[in-house]
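Participant: heads up, no residue letters with this:
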């Protein structure tokens, strides 16, 4: 970070030094110019020119999966899927392409169901573990199933990219022997909803493959991803049974996929008691940018950004100290991943209901029963308390399918009837969860209210490991600039609870948000950070590189569009531009020098609910707008919950300022950045495209679409969106 700052300072002084060099060059001047050139090259290239040839450069950012955790699938010694199926004697392969873990989890659940209900030997396979062209060698007697997610602008997941590219590049390949089914995970808030599964199925059919049933699609925007998958899975099992002649056994007893065994002889020093591992995240894909090691970061400051005090904070600014981790570096625009911890109350309730309190700290070994199963994401050995506190999402929702399977473990008929009754159909279960905050522990507690004699001590830990998702990190856009704050990184966290649809007095707190907001109690003076007399709390986290970066030239105009906590990276962007502007102002002497090296204009649109409550970092932006960036930074607000006024959203403000926006884009080649919800980004995109279409005189949508795609390829239109 120091090198980058040094190069920026030199860049700002370049016009003066070069002018002196031309007037009276000396040996020292030559040295300075060489340093200027090298420093500028380093800054502009971000080190890419010389770090590419180093085959070990990735080790600065990525820690390999530890072999001592028992999580590496050592049996996968071939990249030919046909050979793998033959070696392992499998009938079906379920390929998964997953970015967040949803499609991966579905793939392993489907594999278990096909084995249990149809007696089909099934392999769940990461697409990136096998060479794409070997799919053509799968035998006609075997079946391939594709579970693929779509994210961003219709992009495949990192681990599915090579396979999708192979399909696009090899349309002449024949796949007449391939029988397949497909299911996609997507979000209709995005323009390219489930585009990847559509592209893959179209390509496979064009190559001659035989699709066995209609493609299934999940829509996260409707909150029906789980039900969409279960419906499609049941349809697939029925189709396989009726059309292909496989015998179906829908009411089999639970068959575990993992073995959980108590082991008192385990060395205490080797027990995993909460520290996360990259192994618990599965295969690490770095095609979208490398990630750092997981480290423990002290919290140096926590403050509530809400101006009007309330009982619960709605948005936090959190700062973390990197000074003890010299190998961990970040750049403006990167993401920070934080591992949450389940609350003590939820963990203790589950331990009590399972009657594990007396053995909560006894070491347990967790291993897959099938040596070809690579789905286990739990470090072992661990303990029941650590398992529930750190490694499983015990606060997550419980699916209808899990409740149905849970009924077989009910110790009384009344408890069993209660569970089967609430999952009798989708509507009944939807009504139940709309009225109750449901987690696994709370569901078990419900059965005790129905029958006080219900006893869940017989529920095996393997069932819980099989049916709850492993804990995953939560990603946040970094809100600090690596130029102004290289060893202290900050994030902006919204802290809100979601009310139940049919019981608005009951709210469901977000796990990570609740976990992070608990740190407010450690900071009596949040603005000043943690008092020296108090022990500094810490979190586990890592840094993920992002392509969401400022242009190399500070003279490039910026259009920044954000809603809510989407303001986070733009706080960092504006801070960085302000530092460069201040450096230029102090080093430039003549008016010409100031004009040639001054920062470009910044047009910032920021949408929130109310100016008195949700206008994040208001004082900081006001000071910058009226001091260092005066005349350069223009902030336009949109308030959607301001009493007595019409609801305004950022896309409405963009439309009002479309003449200025289109001028900056078309005449000054401005860089456009959007951060916030996917729905907001979609509406902003539509507004801007319509404005550009009118200004440019485009006759059809194809022309404006081509213009937008060219901007995106040139990194002149970037989005960091979610939801």
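Facilitator: Arrived safely. Fair warning: this is a prediction, and the values are worked out from it, not measured in the lab.
Participant: could you give the number of residues near residue 208?
Facilitator: 12 (other C-beta atoms under 10 Å). (C-beta placed from N, C-alpha, C; glycine too.)
Participant: which residue is the nearest non-sequential neighbour of it?
Facilitator: The shortest distance from residue 208 to any non-neighbouring residue, by C-beta to C-beta, 6 or more residues apart in numbering, is to residue 176 (4.2 Å).
Participant: show me what contacts that neighbour?
Facilitator: Listed by C-beta atoms under 8 Å, 6 or more residues apart in numbering, the contact set of residue 176 reads 208-210.
Participant: again, but for residue 198
Facilitator: 184, 215.
Participant: again with residue 696
Facilitator: The neighbourhood of residue 696, defined by C-beta under 8 Å, 6+ apart, consists of 666, 703-704, 707.
Participant: now do it against residue 268, distance only.
Facilitator: Going from residue 696 to residue 268 by C-beta to C-beta, to the nearest Å gives 69 Å.
Participant: circling back to that earlier point, roughly how far apart are the residue nearest to residue 208 and residue 116?
Facilitator: Going from residue 176 to residue 116 by C-beta to C-beta gives 31 Å.
Participant: next one: residue 156
Facilitator: From residue 156 to residue 116 the distance is 30 Å (C-beta to C-beta).
Participant: which one of the two is surrounded by more residues?
Facilitator: Neighbours were counted for residue 156 and for residue 116 using other C-beta under 10 Å; residue 156 has more, 24 against 17.
Participant: so what's the more buried one bridging to?
Facilitator: In this entry, residue 156 is beta-bridged to residue 150, by DSSP bridges.
Participant: isn't it right up against residue 146?
Facilitator: No: under the criterion of C-beta atoms under 8 Å, residue 156 makes no contact with residue 146, lying 11.0 Å away.
Participant: which neighbours do those two have in common?
Facilitator: Shared contacts of residue 156 and residue 146, defined by C-beta under 8 Å, 6+ apart, are found at residue 97.
Participant: what about residue 374, distance to residue 616?
Facilitator: Plainly put, residue 374 is 42 Å away from residue 616 if you go by C-beta to C-beta.
Participant: again but with residue 477, I slipped
Facilitator: Distance, residue 477 to residue 616, by C-beta to C-beta: 13 Å.
Participant: okay, and the common contacts of the two?
Facilitator: Listed as contacting both residue 477 and residue 616 by C-beta under 8 Å, 6+ apart are 492, 565.
Participant: so what pLDDT did residue 157 get?
Facilitator: Reported pLDDT at residue 157 in the predicted model: 89.
Participant: actually residue 525, not the one I wrote
Facilitator: 42.
Participant: same deal with residue 510?
Facilitator: 87.
Participant: correct me, but it touches residue 516?
Facilitator: No: here residue 510 lies out of contact with residue 516, judged by C-beta under 8 Å, at a distance of 9.4 Å.
Participant: so for those two, which sits in the more crowded spot?
Facilitator: A direct count of neighbours by other C-beta under 10 Å for residue 510 and residue 516 places residue 516 higher, at 24 against 18.
Participant: quick check: phi and psi on the nearest residue to that one once chain neighbours are set aside?
Facilitator: Once flanking residues are discounted, residue 516 sits nearest to residue 493: 5.2 Å by C-beta to C-beta, 6+ apart. Dihedral pair for residue 493: phi -120, psi 120, per degrees, to the nearest 10.
Participant: what do you get for the one 10 residues further on?
Facilitator: Here is the backbone geometry of residue 503 (degrees, to the nearest 10): phi -150, psi 80.
Participant: separation between it and residue 554?
Facilitator: Counting by C-beta to C-beta, the gap from residue 503 to residue 554 is 52 Å.
Participant: lowest-confidence helix or strand of the protein?
Facilitator: Scoring the helices and strands of the chain by mean pLDDT, DSSP states H and E places helix 48-51 at the bottom, with a mean of 40.
Participant: that one: what's the following helix or strand?
Facilitator: helix 81-88 (DSSP states H and E).
Participant: off-centre distance for that following helix?
Facilitator: Distance of helix 81-88 from its chain centroid, counting by C-alpha atoms, centre = their mean, to the nearest Å, is 32 Å.
Participant: can you check stretch 677-687 too?
Facilitator: Centre-to-centre, stretch 677-687 and its host chain are 19 Å apart (C-alpha atoms, centre = their mean).
Participant: what sits up against that stretch?
Facilitator: So stretch 677-687 is contacted by 187, 189-191, 221, 561, 563-564, 566, 607, 649-651, 654-655, 658, 674, 708, 719, 721-723 (C-beta under 8 Å, 6+ apart).
Participant: do that again at 7 Å, thanks
Facilitator: Under the contact criterion C-beta atoms under 7 Å, 6 or more residues apart in numbering, stretch 677-687 has outside partners 187, 189-191, 561, 563, 650-651, 654-655, 674, 719, 721-723.
Participant: selection in PyMOL covering whichever of those are buried, please.
Facilitator: Command for PyMOL that selects the buried part of the contacts of stretch 677-687, burial taken from 16 or more other C-beta atoms under 10 Å:
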select buried, resi 187+189+190+561+563+650+651+654+655+674+719+721
